[in-house]
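>>> Pasting a predicted model and its sequence here:
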Amino acid sequence: MQLTCRTGVEPTWRAADSSRSMGTVGMSHAFGGSFMSNPRPPAPGNSAWRGALLWPLLAALLVGGVLVAWLTREHGHDAEPAVQPTESSTSPPAEAPPAAAEAITNSIGLKLVLIPPGRFLMGSPAAEPERGEDELQHEVAITRPFRMGVYEVTQEEYARVMGRNPSWFAPTGNGRDRVEKQDTRRFPVEQVSWQDAEQFCRKLSDLEAEKAAGRTYRLPTEAEWEYACRGGATAAGPFFFRKPSAALSAAQANFNGSFPYGDAAEIAGLGRTAAVGSYAPNGFGLYDLHGNVSEWCQDVYGKDYYRESPKEDPPGPKAVAGSGRVLRGGGWLNFGDNCRAADRDWLVPRQGNNGIGFRVVSPMPSP
């Protein structure tokens, strides 16, 4: 799906197929146990029989009491059933937000989390509904750790660095009627071009406090973005929160919920952006990789690049005149299929609209 953007208005797009699949991930819950006792009593009428019957009963009561006490201590009175992982969620349970030692807050209040190196399957499997021709699945290795913005860059953060707030959904923007009485400082900045995002990264890197800390900033590569979006999950799939999901509704992310993905229910969307972090994070503790605003990546877009890209740290195709730049994640007005982890969009670097924002990465210093 390709976005057609007009600055200062809602993004429009064209889709090859508006049908929706009904696939979903099943999740089973199992909890329980039983105690089985089959004593063989002596002959009736013998006092020893009564004692032999009483002692097993007392022992069973004692064991039951110990078990209840243990369950109460370990799980609480309202313990949820243990979740049995399905075939499509084979990665370890995600803990979010990340440990404090892995996250930092920089001089403008922008929070970043450490993303470890690793391998993953980039693109989508052939059977994934609504996939595009440019999503050839292939293995990619991210060989170096990097820090990534926990959230999309906010209006407040952007204004602190750039001295202005271009957002449509802001008190001074053309969409102010949709955010009346809303504090939009923590809403994602939008109506930013790829060139604007690049300039933000340069200016942020040039701040004295960031220089002193040895930090520089840039946009993520397309491979870094998708690797981070999948949150460390080893299974393929279209959506990643605390667990992978094969369906997407507006209860999970900010998008056009009238067009959900998979067998998710139709739920009306907000019709605007939302404060960052309003929905569940993924396994790396990152928020809003699906929906809210589409996010600029560093790469030039290449429809067939996956067929020739290097297996380690692919940088994207070489730029030529008129090259489009990659957009990922889908936004508040997009359909569910455009919010998939593998979905690829692009736009010329000088354009932007109220469905486009970005997040930053900060490369780790070489050892």
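Thanks, I have it.
>>> show me where the stretch 51-200 of the chain has helices.
Listed in chain order, the helices of the stretch 51-200 of the chain (DSSP state H, counting those that start in this stretch) span residues 155-162, 194-205.
>>> what comes up buried for stretch 132-142?
Of the residues in stretch 132-142, those buried by neighbour count under the rule 16 or more other C-beta atoms under 10 Å are 132, 134-136, 140, 142. (C-beta placed from N, C-alpha, C; glycine too.)
>>> Pull it out as PDB, backbone CA atoms only.
Once side chains and other backbone atoms are set aside, the C-alpha atoms of stretch 132-142 remain, and they are given as PDB (Å, rounded to 0.1, in the frame of the first residue of the first chain):
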ATOM      1  CA  GLY A 132       2.800  -6.600  -0.500                       C
ATOM      2  CA  GLU A 133       5.000  -7.700  -3.400                       C
ATOM      3  CA  ASP A 134       7.900  -5.900  -1.800                       C
ATOM      4  CA  GLU A 135       7.900  -7.900   1.500                       C
ATOM      5  CA  LEU A 136      10.000 -10.900   0.500                       C
ATOM      6  CA  GLN A 137      10.900 -12.700   3.700                       C
ATOM      7  CA  HIS A 138      14.600 -13.100   4.400                       C
ATOM      8  CA  GLU A 139      17.000 -13.400   7.300                       C
ATOM      9  CA  VAL A 140      18.700 -10.300   8.600                       C
ATOM     10  CA  ALA A 141      21.300  -9.900  11.300                       C
ATOM     11  CA  ILE A 142      21.600  -6.700  13.400                       C
END
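>>> Of the helices of the stretch 51-200 of the chain, give the one that comes closest to Asn106.
Each of the helices of the stretch 51-200 of the chain has some distance to Asn106 by C-beta to C-beta; the shortest is helix 194-205, at 8.0 Å.
>>> contacts for the closest one?
When contacts are defined by C-beta atoms under 8 Å, 6 or more residues apart in numbering, helix 194-205 is touched by residues 106, 108, 110, 153, 158, 161-162, 166, 192, 210-211, 215-219, 296, 325, 347, 349-350, 352, 358, 360.
>>> Give the PyMOL command for selecting the buried subset of the residues you listed.
Selecting only the buried entries of the contacts of helix 194-205 in PyMOL, with 16+ other C-beta under 10 Å as the criterion:
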select buried, resi 106+108+110+153+158+161+162+166+192+210+215+216+217+218+219+296+325+347+349+352+358+360
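>>> For Asp304, grab the count of nearby residues.
Asp304 is flanked by 11 other residues according to other C-beta atoms under 10 Å.
>>> quick one on the thing from earlier: widest-spaced pair of the buried residues of stretch 132-142?
Using C-beta to C-beta, the buried residues of stretch 132-142 span at most 22.5 Å, a distance reached by Gly132 and Ile142.
>>> just to revisit the earlier point, so which of the helices of the stretch 51-200 of the chain is nearest Gly269?
For Gly269, the closest of the helices of the stretch 51-200 of the chain is helix 155-162, at 20.0 Å, according to C-beta to C-beta.
>>> Against which helices or strands is that closest one packed?
With contacts defined as 3 or more C-beta pairs under 8 Å, 6 or more residues apart in numbering; DSSP states H and E, the secondary structure elements packing on helix 155-162 are helix 194-205.
>>> How far away from the center of its chain is the following helix or strand past the helix it packs on?
Along the chain past helix 194-205, the next helix or strand (assigned with DSSP states H and E) turns out to be helix 208-212. Distance of helix 208-212 from its chain centroid, counting by C-alpha atoms, centre = their mean, to the nearest Å, is 30 Å.
>>> swap in stretch 357-365?
In terms of C-alpha atoms, centre = their mean, the centre of stretch 357-365 is set 16 Å apart from its chain centre.
>>> repeat for stretch 208-223
21 Å.
>>> got it, and stretch 143-159?
14 Å.
>>> now do the same end-to-end measure for that stretch.
The first and final residues of stretch 143-159 sit 33 Å from each other (C-alpha to C-alpha, to the nearest Å).
>>> what comes up buried for it?
The neighbour-count check on stretch 143-159 (16+ other C-beta under 10 Å) flags 146-159 as buried.
>>> Break the protein down into its domains, please.
For the chain, the structural domains run 47-75, 102-367, going by automatic domain parsing.
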